[in-house]
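[1] Quick check, what structure comes out for this input:
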Amino acid sequence: MNLKVNIHQKLLYRVYGNSLAVIMNAKENSVTLLQNEPLELWKQILSRNNIDKSYYPKLKQLADLGLVEIEGAIKNQHSSGVNDRSVQEVDLGAVNYWAFKNLIPLSGHFELTSRCNLRCRHCYCIYTDKDSLDTNKIITILDDLHESGTFGLVLTGGEIFGREDILDILKYLNEKKFVLRLNTNGVLIDEKIVKEMEGLSNIYRIHVSLYSSKPEVHDMITRMEGSFQKTLNAIRLLKEAGFGIRINCSLMQSNADSYKEIKTEIGDKLNIPVHYDPFIFPKDNGKIENMYEMFDDDQIKDYETFNKKEPSGKKPKLCKAAFSFFSICEDGSIYPCLKMKKYYDKPLANLQESSFKEIWYNSAEIKKVRNVLNDKLRDCNVCDLSI
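    Below you'll find the model as predicted:
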């Protein structure tokens, strides 16, 4: 009897040769690894080949885990043993560590644009009036990343929803099973856009920037009247649509008297986490006119008292830049990570001139970075690279 087996539509996945398959439910933040026989079975399912009866116990196990849907009964079959380590539900950190050790470009930042509808006082970006990468070039890069094994992307800008093709890009990323985190100011997000996004299963979380609980302060920081109400409306629309949301707030002199209420008056009431960033970076062109907004030592101490967290017990973070993480800028140039961009005279390479796969595995520049870093930044706490 031929069975019809379908991978559940909500799942995102990558197969890494004969090593393993990584399967993720982005909405539930659950990750499953397949190795050995289950990996071979997964490949058969993807290739639409008839499944040998010897795989039926494993197939039943995948069905029990909610990874596949089976049309047709598998008679007298029991799921494989519970202690079978060839099928494991794991923390994403385990996948990150495996990718780090094997130089797999698992995840990265992708700046889709340097255009933005706001002009925030503290921002490090240098804005342009035109996108360097058109839709076709974006698609070519995404195909290149997919072939190279990239699974997760943080889409940022500029303001990504300023691109007229953003929904087409998001839908293509969904087809290619990329896990996504989106960075946005929310101003351009309305009911129509949210409705279009509801059919996507690959958005892990959306980070929305909000700088004050007071409309007049937020609007002063963004230099756009009415931006507070538009951003807050976007947060509510996305929350109601079931997306995972996090509010991001940069700390600066301009919001020193009102940042705390973002958590107590907005985040807590909407049951949305708030992440504060006490760092302000010089502009990408090296200018420091935005640095006057930086908190002084006393303000940092006050913030740390307010934002005091219980010890997590987690090991220090592993800097994955150039080992399993990368950053692509709006013009196609590549850096180990966006925070390192300011320390390089020139990019490692450019995707408008070379393929990502060629750069990642053969570039002398990226190999030089790995030799310098070589796991020396374990205690770096400047950024959060995990998707």
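
[2] what's near enough to touch residue 174?
    Applying CB atoms under 8 Å, 6 or more residues apart in numbering, we find residue 174 in contact with 200-202. Where C-beta positions appear, they are placed from N, C-alpha and C, glycine not excepted.

[3] Check residue 122 too.
    Neighbouring residues of residue 122 by CB under 8 Å, 6+ apart: 221, 250, 252, 254, 280, 290, 293.

[4] for those residues, which one is nearest residue 350?
    Nearest to residue 350, judged by CB to CB, of those is residue 290 at 26.7 Å.

[5] That closest one and residue 283 touch, don't they?
    Yes: if you go by CB atoms under 8 Å, residue 290 and residue 283 touch, sitting 6.2 Å apart.

[6] where do the contact lists of the two overlap?
    Contact with both residue 290 and residue 283 is made by residues 123-124, according to CB under 8 Å, 6+ apart.

[7] ok, back up a step: can you tell me which of the contacts of residue 122 end up in helices?
    Among those, the ones falling in helices (DSSP state H) are residue 221.

[8] quick one: average pLDDT of stretch 8-25?
    Average pLDDT, stretch 8-25: 96.

[9] ok, now stretch 222-240?
    Averaged across stretch 222-240, pLDDT comes to 98.

[10] So what's the gap between that stretch and the chain middle?
    Distance, stretch centre to chain centre, for stretch 222-240: 21 Å (CA atoms, centre = their mean, to the nearest Å).

[11] And for stretch 349-362?
    21 Å.

[12] and it, how far apart are its ends?
    11 Å (CA to CA, to the nearest Å).

[13] Among the contacts of residue 122, which ones are in strands?
    Among the contacts of residue 122, DSSP state E puts residue 250 in strands.

[14] Relative to residue 43, which of the contacts of residue 122 is nearest.
    The shortest gap between residue 43 and any of the contacts of residue 122 belongs to residue 250, at 45.0 Å (CB to CB).

[15] who touches stretch 339-359?
    For stretch 339-359, contacts defined as CB under 8 Å, 6+ apart pick out 105, 133, 137, 141, 144-145, 147-148, 281-282, 284, 286, 321, 327-329, 331-336, 363, 365-366, 369, 382-383.

[16] Would you mind giving me the PyMOL syntax to select the buried ones in those?
    Provided next is the PyMOL selection string for whichever of the contacts of stretch 339-359 are buried by 16 or more other CB atoms under 10 Å:
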select buried, resi 105+133+141+144+145+148+281+321+327+328+329+332+333+334+335+336+363+366+369
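
[17] Ranking helices and strands of this structure by mean pLDDT, which lands last?
    helix 364-373 (a mean of 88; mean pLDDT, DSSP states H and E).

[18] buried ones in it?
    Neighbour counts over helix 364-373 (16+ other CB under 10 Å) mark 366, 369, 373 as buried.

[19] quick one on the thing from earlier: would you mind giving the contacts of residue 174 as TSV with secondary structure, neighbour count and pLDDT added?
    Below are these laid out as TSV (DSSP: H, G, I helix; E, B strand; the rest coil; neighbours: other CB atoms under 10 Å; pLDDT from 0 to 100):
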residue	secondary structure	neighbour count	pLDDT
200	coil	16	97
201	coil	16	96
202	coil	22	97
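
[20] Out of the residues you listed, which comes closest to residue 258?
    The closest of the contacts of residue 174, once distances to residue 258 are taken by CB to CB, is residue 200, at 33.7 Å.

[21] Contact partners for residue 301?
    If you count contacts by CB under 8 Å, 6+ apart, residue 301 has none.

[22] isn't there a strand covering it?
    No: counting by DSSP: H, G, I helix; E, B strand; the rest coil, residue 301 is not part of a strand but helix.

[23] Would you check how far apart it and residue 307 are?
    Residue 301 sits 11 Å away from residue 307, going by CB to CB, to the nearest Å.

[24] which residues in the protein form helices?
    With DSSP H as the criterion, the chain has helices at 36-47, 56-64, 92-102, 135-148, 166-175, 191-197, 215-222, 227-240, 260-261, 268-270, 297-306, 356-362, 364-373.

[25] Including distance to residue 21, could these go into TSV?
    Compiled in TSV, the helices of the chain are given as follows (distance: least, CB to CB, whole Å):
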stretch	distance to residue 21
helix 36-47	5
helix 56-64	11
helix 92-102	11
helix 135-148	15
helix 166-175	18
helix 191-197	27
helix 215-222	43
helix 227-240	30
helix 260-261	44
helix 268-270	36
helix 297-306	42
helix 356-362	20
helix 364-373	26
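
[26] Residue 28: which of those helices is closest?
    Judged by CB to CB, the one of the helices of the chain that comes nearest to residue 28 is helix 92-102, at 12.1 Å.

[27] List the buried residues of the closest one.
    For helix 92-102, a neighbour-count test (16+ other CB under 10 Å) marks 92, 95-96, 98-100 as buried.
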